[in-house]
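[1] Pasting the sequence and the predicted model now:
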Amino acid sequence: MTDDVQGRIVALIPAAGQGTRLGLDRPKAFVELDGQTLLNRSIDAVRASGVVDQVVVIVPPELVDDVRARFPEVSVVAGGAERSDSVRAGLAAADPDTELVLVHDAARALTPPALFARVVEALRGGAGAVVPGLPVTDTLKRVDDTGVVIDTPNRAELRAVQTPQGFTAELLRRAHASAADATDDAGLVEALGEPVVVVPGEARAFKITTPFDLRLAELLCGTPDVVEPDPEEQPS
């Protein structure tokens, strides 16, 4: 844990993934959702949160100039072969006096701005690493390579983790100092033996990965936010 932090905040948006599971002919972040790309919606949500000083977008090298022209208000850098390479590139482009970093998937394009503020509040309160998460509603099974069930985890102890994930800049840089790759930045922090705090997530912060996800997002576009049950309340 850190002392109370009031420093500069940077949001990194890795957007270099190809999104092959969507089955489209362009990188996932550049797929349109009700007239706006996923990347555009994610940038808008970060800026609408009012808690971020700098936005750094990491895109495929061939798209850097185009994205800079389309989004002059953000910093744009080229991503690498793996997600962690892209996060490291984003960290290198962050202002030198950055103290807190949010890492947000461009594919979570409907994330409410309030979730960014919630993560930052926990960081400012002293946490070194913060992730939003939702209780798991399905019964989960661990299986072996042949499909035979090994055990049934207690779902009361499980959370489906989302982004933005927040970190002190020092901790995130230390976690990414190795050549290791990870789909989840908090996993690299856990590998250091550092604690990661979970705050309540949001149903709208789901990741658009498959055609079904994209269709769901299309149906949700333009619909008002609804009052949801307490995310910490366990399903029966």
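    Cool, the structure landed. Residues are numbered from 1 along each chain as shown.

[2] and residue 232, what pLDDT?
    Predicted confidence (pLDDT) for residue 232: 51.

[3] Which stretches in the chain count as helices?
    Remark: helices assigned in the chain by DSSP state H are 38-48, 64-70, 83-93, 113-124, 169-175, 185-191, 211-220.

[4] Which secondary structure elements does the third one sit against?
    To tie it back to what came earlier, the one meant is helix 83-93. Helix 83-93 makes packing contacts with strand 8-14, strand 54-59, strand 75-78, strand 98-103, helix 169-175 when contacts are defined by 3 or more Cβ pairs under 8 Å, 6 or more residues apart in numbering; DSSP states H and E. C-betas here are computed from N, CA, C, even on glycine.

[5] That one to strand 54-59, inter-axis angle?
    140 degrees (axes from the mean of the first three to the mean of the last three Cα atoms, to 10 degrees).

[6] now helix 83-93 and strand 8-14, what's the angle there?
    Angle, helix 83-93 to strand 8-14, by the same axes, to 10 degrees: 150 degrees.

[7] Please list the residues outside helix 83-93 that contact it.
    Identification of contacts with helix 83-93 by Cβ atoms under 8 Å, 6 or more residues apart in numbering yields 12-14, 16-17, 56, 58, 75, 77-80, 101, 103, 169, 172-173, 176, 180-183, 185, 188.

[8] Out of those residues, which end up buried?
    12-14, 16-17, 56, 58, 75, 77-80, 101, 103, 169, 172-173, 176, 182, 185, 188 (16 or more other Cβ atoms under 10 Å).

[9] pLDDT weak spots in the chain?
    Along the chain, the model assigns pLDDT under 70 to residues 1-6, 18-21, 23-25, 179, 222-236.

[10] that older thread, what's the closest of the helices and strands packed on helix 83-93 to residue 27?
    Closest to residue 27 of those, according to Cβ to Cβ: strand 54-59, at 7.6 Å.

[11] neighbouring strands for that closest one, and are they parallel or not?
    strand 8-14 (parallel), strand 75-78 (parallel) (DSSP bridges).

[12] What are the contacting residues of it?
    Residues from elsewhere that reach strand 54-59 (Cβ under 8 Å, 6+ apart): 8-16, 27, 29, 39, 43, 46-47, 67, 71, 73-79, 86-87, 89-90, 93-95, 98, 106.

[13] Buried members of those residues into PyMOL, please.
    The PyMOL command for the buried members of these (criterion: 16+ other Cβ under 10 Å) is given here:
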select buried, resi 8+9+10+11+12+13+14+15+16+27+29+39+43+46+47+67+71+74+75+76+77+78+79+86+87+89+90+93+94+98+106
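
[14] Not counting its neighbours along the chain, what's nearest residue 41?
    Distances taken as Cβ to Cβ, 6 or more residues apart in numbering put residue 109 closest to residue 41, at 4.0 Å, once the chain neighbours are dropped.

[15] Contacts only, for that neighbour.
    Neighbours of residue 109 in contact, by Cβ under 8 Å, 6+ apart: 33, 38-39, 41-42, 45, 208, 217.

[16] Going by distance to residue 197, which of those wins?
    Closest approach to residue 197 among these (Cβ to Cβ): residue 45, at 21.5 Å.

[17] can I assume the closest one is in contact with residue 113?
    Yes. Taking contacts as Cβ atoms under 8 Å, residue 45 lies within contact range of residue 113: 5.2 Å.

[18] So between the two, which is more surrounded?
    residue 45 (24 against 16; other Cβ atoms under 10 Å).

[19] quick one: the more buried one and residue 36, what's the gap?
    Remark: distance between residue 45 and residue 36 (Cβ to Cβ, to the nearest Å) = 11 Å.

[20] do the same with residue 183
    As judged by Cβ to Cβ, residue 183 and residue 36 stand 25 Å apart.
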